[in-house]
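**Q** how would this look folded up:
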Amino acid sequence: MTVQATQAATPRPSWASTLRVYLEPPCLRMLLLGFSAGLPLLLVLGTLSFWLREAGIDRTTIGYLSWVGLAYAFKWVWAPLVDRLPIPLLTHALGRRRSWLLLSQLAILLGLVAMSFNDPQVALTPVVWGALAVAFGSATQDIALDAFRIESAEVDRQAALAACYQTGYRLAMIWAGAGVLWLAARAQDPALAAYQHGAWHTAYLVMAASMLLGVVTVLFSPEPHKRPMPLAKNAIDWLRGALVEPFMDFVRRYRWQAVLVLALIGSYRISDVVMGIMANPFYVDMGYSKDEVAAVTKIYGVIMTLAGAFVGGALAMRFGVMRVLMLGAVLSAASNLLFAALSSRGHDLTGLIFVISADNLASGIASAAFIAYLSSLTNINYSATQYALFSSMMLLLPKFLAGYSGRYVDGFGYANFFVATALLGLPVLLLVWLTSRIKSASGP
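**A** A predicted model of the protein is given here:
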């Protein structure tokens, strides 16, 4: 029987049975675990910078503290350990994937509790150590959760699991962005000074308690099927197979062009990432309230990012990834100029809504195209490791430069800073053009 005849003989599932997959236990578990994965990110980057600025921490220090986020850029270093190393006692009780998930979630929870009990006005160092624990725990959770998701279902269920994961992740970003600001605003006494540590203490304790959703999910989830790991004769062979070979495969396929591709990966999101660290201090300095920032940038902004992602995905299918990659690079840089214009207007809520609309739409379009581009670069035999390397590499340079963002603002002001971040995107346009020519010259 031919393949065509076999496909014709296999009836397509109905829409009802197709949609019913989202009610299956693996999808519901992934929704909750996606929430657990999305919660910590803003609490150590975006929301934390708002808290610190309101506490009177100078912008230069806030910029340097953004280097906490480099944990996400280097997670590929310990990813092979999470993939293969058992945790004493815990792995025997829960299995390889669940043990690492639980350990990382507990690190996040305890880190958030530690942050909540320390006032950065009194002692900043304990807050930083708590943020580091949250960042490393979060990066480790991402590694373990990717493996857990892939091993929890067959290929035909992976798209549904990914959709549930992304839904949970985005809901958590709203909760950790808008929710924490809303909680802090409700917990503070309006009769007292604008900054009250007790309000942030309450908000971050609630965020720590929210991590229990992921902990309970892990405890009541089955361990995925164990997959045999390739045996290595010694540590050198193990490192070669886990780290060196996936990277060398990429170099062998792209040869000298690999340098150009890696340069594009390392710089594509530079305008967004460098600007983003100073966004929350900017809102505080412009006089926007917690409720205004929560509603406009954290809830409405996330919705606009999702809309941009859908638009970017559709455009990529219609016009090709490289064209939309160029469009995303242009829009991401240009939207920073809108922030420069907004900085001259003071407290302008209507202007903020307009700028956030344009910026988050641009970010969504750029993200959708960039993810598609990264996926196209991977070899299916090393897809997990190569994608982890690429996604980590895209943050390394931008996060490093972002550490100096506060110092630049203190020296030259917000308007000049936003213009400078837009100019950082100009070399990206050249790199996209060059890589598109390489792609077309070498064939699909």
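
**Q** from here on, contacts and neighbour counts on C-alpha atoms
**A** OK.

**Q** what's the spacing between residue 134 and residue 68?
**A** 9 Å (C-alpha to C-alpha, to the nearest Å).

**Q** the more surrounded of these two?
**A** residue 134 (31 against 20; other C-alpha atoms under 10 Å).

**Q** what about that one, distance to residue 69?
**A** 10 Å.

**Q** what number of residues lie near the residue lying closest to residue 187 once chain neighbours are set aside?
**A** Spatial nearest neighbour of residue 187, excluding adjacent residues (C-alpha to C-alpha, 6 or more residues apart in numbering): residue 199 at 4.8 Å. Applying the criterion other C-alpha under 10 Å, we find 19 residues in the vicinity of residue 199.

**Q** for residue 199, what are its contacts?
**A** Contact analysis of residue 199 by C-alpha atoms under 8 Å, 6 or more residues apart in numbering lists 183-188.

**Q** Among those residues, which one lies nearest to residue 45?
**A** Closest approach between the contacts of residue 199 and residue 45, by C-alpha to C-alpha: residue 184, at 16.7 Å.

**Q** Would you mind checking the average pLDDT for the helix or strand where residue 64 lies?
**A** For residue 64, the host element (DSSP states H and E) is helix 59-65. The pLDDT scores in helix 59-65 average 90.

**Q** now stretch 113-130
**A** So the average pLDDT for stretch 113-130 ends up being 94.

**Q** Give me the buried positions along that stretch.
**A** By 16 or more other C-alpha atoms under 10 Å, the buried positions in stretch 113-130 come out as 113-120, 126-128, 130.

**Q** Just put the residues you listed in CSV and tack on secondary structure and distance to residue 419.
**A** Output for the buried residues of stretch 113-130, formatted as CSV (DSSP: H, G, I helix; E, B strand; the rest coil; distance: C-alpha to C-alpha, whole Å):
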residue, secondary structure, distance to residue 419
113, helix, 38
114, helix, 37
115, helix, 34
116, helix, 35
117, coil, 38
118, coil, 35
119, coil, 34
120, coil, 30
126, helix, 34
127, helix, 31
128, helix, 30
130, helix, 33
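
**Q** and for residue 134 and residue 69, which residues touch both?
**A** What both residue 134 and residue 69 touch, as defined by C-alpha under 8 Å, 6+ apart, is the set residue 44.

**Q** can you pull the contacts of the residue nearest to residue 312 when sequence neighbours are not counted?
**A** Among residues not flanking residue 312 along the chain, residue 365 sits closest, at 4.1 Å (C-alpha to C-alpha, 6+ apart). When contacts are counted by C-alpha under 8 Å, 6+ apart, residue 365 is found next to 305, 308-313, 324, 328.

**Q** and residue 365, what element?
**A** Under the assignment here (DSSP H and E), residue 365 is part of helix 349-377.

**Q** Show the average pLDDT along stretch 164-177.
**A** 84.

**Q** Could you pull out the buried residues of it?
**A** 164-177.

**Q** hey, where'd the helices end up in the stretch 251-400 of the chain?
**A** 257-267, 270-276, 279-285, 290-293, 301-319, 321-342, 349-377, 383-402 (DSSP state H, counting those that start in this stretch).

**Q** you'd agree residue 183 is up against residue 201?
**A** No. When contacts are counted by C-alpha atoms under 8 Å, residue 183 is not listed as touching residue 201 (10.0 Å).

**Q** before we move on, the earlier item: of all the contacts of residue 365, which two lie farthest apart?
**A** 305 and 324 (15.5 Å).

**Q** quick one, what contacts the nearest residue to residue 393 once chain neighbours are set aside?
**A** Leaving out its chain neighbours, the residue that sits closest to residue 393 by C-alpha to C-alpha, 6+ apart is residue 266, at 5.6 Å. When contacts are counted by C-alpha under 8 Å, 6+ apart, residue 266 touches 393-398.

**Q** between those residues, which is closest to residue 213?
**A** Among the contacts of residue 266, and counting by C-alpha to C-alpha, the member closest to residue 213 is residue 395, at 28.4 Å.

**Q** Tally up the residues packed near that closest one, please.
**A** The burial count for residue 395: 23, using other C-alpha under 10 Å.

**Q** what's the spacing between the residue nearest to it when sequence neighbours are not counted and residue 360?
**A** Spatially, and ignoring its direct neighbours in sequence, residue 395 is nearest to residue 73 (5.5 Å; C-alpha to C-alpha, 6+ apart). Between residue 73 and residue 360 the computed distance is 22 Å (C-alpha to C-alpha).

**Q** okay, these two: which has more neighbours?
**A** residue 360 (26 against 22).

**Q** Please report the distance of the closest residue to that one other than its chain neighbours from residue 223.
**A** Nearest residue to residue 360, sequence neighbours excluded (C-alpha to C-alpha, 6+ apart): residue 305, at 4.7 Å. Noted for residue 305: a distance of 34 Å to residue 223, by C-alpha to C-alpha.

**Q** do residue 161 as well
**A** 16 Å.

**Q** Now the helix holding residue 365: buried residues?
**A** 351-353, 355-375, 377.

**Q** Wait, residue 62 touches residue 408, no?
**A** No. Assessed by C-alpha under 8 Å, residue 62 is found out of contact with residue 408, at 11.7 Å.

**Q** Compare the two and say which is more crowded by neighbours.
**A** residue 62 (25 against 18).

**Q** which ones are touching that one?
**A** 49, 52-53, 403, 406.

**Q** Kindly recompute the last result at 7 Å.
**A** 49, 406 (C-alpha atoms under 7 Å, 6 or more residues apart in numbering).

**Q** ok, it to residue 410 distance?
**A** In terms of C-alpha to C-alpha, residue 62 sits 11 Å off from residue 410.

**Q** ditto for residue 40
**A** Taking C-alpha to C-alpha, one finds residue 40 at 28 Å from residue 410.

**Q** who has more neighbours, these two?
**A** Shown here are residue 40 and residue 410; by other C-alpha under 10 Å, residue 40 has more neighbours (27 against 13).

**Q** what's the domain layout of this structure?
**A** Under the assignment automatic domain parsing, the domains of the chain span 23-229, 233-444.

**Q** Comparing those by mean pLDDT, which bottoms out?
**A** Among the domains of the chain, domain 233-444 carries the lowest mean pLDDT (a mean of 83).

**Q** Residue 222: what secondary structure?
**A** Following DSSP: H, G, I helix; E, B strand; the rest coil, residue 222 is assigned to coil.

**Q** For it, grab the count of nearby residues.
**A** There are 14 residues near residue 222, going by other C-alpha under 10 Å.

**Q** Quick one: residues contacting it.
**A** Residue 222 neighbours (C-alpha under 7 Å, 6+ apart): none.
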